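Enquirer: I need the structure of the sequence given here:
(one chain, ligands or ions: 1)
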Amino acid sequence: MEIVFTKMHGIGNSYIYIDLFKYHYADELFSSLAKQISNVNTGIGSDGVIVIQPSENADCGMRIFNKDGSEGTNCGNGLRCVAKYVFERNIVPKEHFVIETKSGMMHVRVVVKNNVVTEVIVDMGAPLLHRENVPMIGDPRDFVIHELFNLPSHSLFVTALFLGNPNAVFFVENIKDAPLHSVGGIIENDSRFPERVNVEFVEVVHATELNFRVWERGSGVTEACGTGACAAVVAAILNGFCRKGEDITVHLSGGDLVIRWDLDDHVWMRGPAAFTADGIYYFS
Ligand SMILES: N[C@H](CCC[C@H](N)C(=O)O)C(=O)O
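Expert: Prediction:
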């Protein structure tokens with residue numbers, strides 16, 4: 001079966017984009033497509049699949065499927081790429097518009113130079129801090145801020161929250177020592193997170209600068225995670241390392257994002273998006 005696709009990335013977090021405004025594929029396809037096409041040897045290579053589709057409630061809709069075929073609820077880097085795609089391909093010829101995701105309506109603004117989107121600003125909405133919203137087991141009314149999180153090999157302190165998806169943030173002295181590969185997958189699948197969790201390690205460089213690495217739910221280590229970077233900024237403010245209302249630069253493996261948890265409680269993310277290729281994939 002021939003699948004028309006576009007590959008894009010947001011600071012190295014790459015997805016295969018399927019445009020359902022133009023082409024028609026059955027919903028049942030996407031989970032197995034994500035598993036197959038993400039393989040760099042037998043597929044195209046990506047962190048998953050993102051479906052761009054019409055929406056009755058917004059200018060367009062977006063669905064995200066991780067490498068393991070699981071469907072996520074939002075994707076920060078994906079939102080910026082979808083915004084660039086629908087603007088430049090004349091699907092949504094507006095500079096301010098709304099993208100519907102499983103975790104809500106996302107308001108985006110594209111920064112345009114000579115008809116090319118150079119940057120996208122996304123209102124990621126307000127974080128949900130109660131344990132039941134992360135979700136994480138325990139007293140539902142609690143916040144999870146600097147809570148002891150014991151593993152067989154490590155004693156860590158977690159700050160957990162929902163910001164488009166579930167996030168568990170751990171602060172480390174030096175990002176180079178983050179036990180990403182040794183505990184990322186263990187924490188992702190820990191039973192304390194009933195819907196699994198995206199795992200972020202953060203080094204506070206200073207009050208307006210963070211170093212960041214991520215093990216993503218359903219995709220493992222990626223170059224960048226937009227929702228995760230936003231969650232890291234919220235966690236840094238909750239722990240007193242940074243301040244609300246200030247622009248925080250987050251250094252991810254694939255590049256930088258500028259994020260602000262505003263006094264109105266909304267989290268704003270600003271960053272680039274890029275086309276990589278258009279093509280046809282032979283799905284079997
Ligand atoms: N792995 C995430 C979805 C992708 C999020 C990430 N790529 C981003 O840029 O926000 C999840 O299952 O919640």
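Enquirer: what sits against the closest residue to residue 95 other than its chain neighbours?
Expert: Once flanking residues are discounted, residue 95 sits nearest to residue 110: 5.4 Å by Cβ to Cβ, 6 or more residues apart in numbering. Yep, even glycine has a C-beta here, placed from its N, CA and C like the rest. By Cβ atoms under 8 Å, 6 or more residues apart in numbering, the contact list for residue 110 reads 83, 84, 87, 95, 117, 119, 120.
Enquirer: State the pLDDT value of residue 110.
Expert: Looking at residue 110, its pLDDT reads 98.
Enquirer: isn't there a strand covering it?
Expert: Yes: using DSSP: H, G, I helix; E, B strand; the rest coil, the secondary structure at residue 110 is a strand.
Enquirer: how much space between it and residue 120?
Expert: 5 Å (Cβ to Cβ, to the nearest Å).
Enquirer: One more: residue 190?
Expert: 33 Å.
Enquirer: neighbour count winner among those two?
Expert: residue 120 (24 against 19; other Cβ atoms under 10 Å).
Enquirer: The nearest residue to the more buried one once chain neighbours are set aside: neighbour count?
Expert: With Cβ to Cβ, 6+ apart as the criterion, residue 120 has its nearest non-adjacent residue at 3.9 Å, and that residue is residue 80. Residue 80 has 30 neighbouring residues, counting by other Cβ under 10 Å.
Enquirer: Same question for residue 244.
Expert: If you count neighbours by other Cβ under 10 Å, residue 244 ends up with 14.
Enquirer: Mind checking what secondary structure it has?
Expert: Residue 244 - assigned by three-state DSSP - is coil.
Enquirer: same deal with residue 85?
Expert: Going by three-state DSSP: residue 85 is helix.
Enquirer: residues contacting it?
Expert: Contacts for residue 85 (Cβ under 8 Å, 6+ apart) come out as 6, 8, 17, 19, 52, 91, 275.
Enquirer: Give me the distance between the closest residue to residue 225 other than its chain neighbours and residue 169.
Expert: In space, residue 225 comes closest to residue 214 once its chain neighbours are excluded; the distance is 4.2 Å by Cβ to Cβ, 6+ apart. Residue 214 sits 10 Å away from residue 169, going by Cβ to Cβ.
Enquirer: and for these two, which residues touch both?
Expert: 200, 201.
Enquirer: Read off the pLDDT value for residue 7.
Expert: Predicted confidence (pLDDT) at residue 7: the value is 98.
Enquirer: Surely it is in a strand?
Expert: Yes: Residue 7 sits within a strand when classified using three-state DSSP.
Enquirer: Check which helix or strand the residue nearest to residue 225 maps to.
Expert: Using DSSP states H and E, residue 214 falls within strand 209-216.
Enquirer: Check residue 137 too.
Expert: Residue 137 belongs to no helix or strand, assigned by DSSP H and E.
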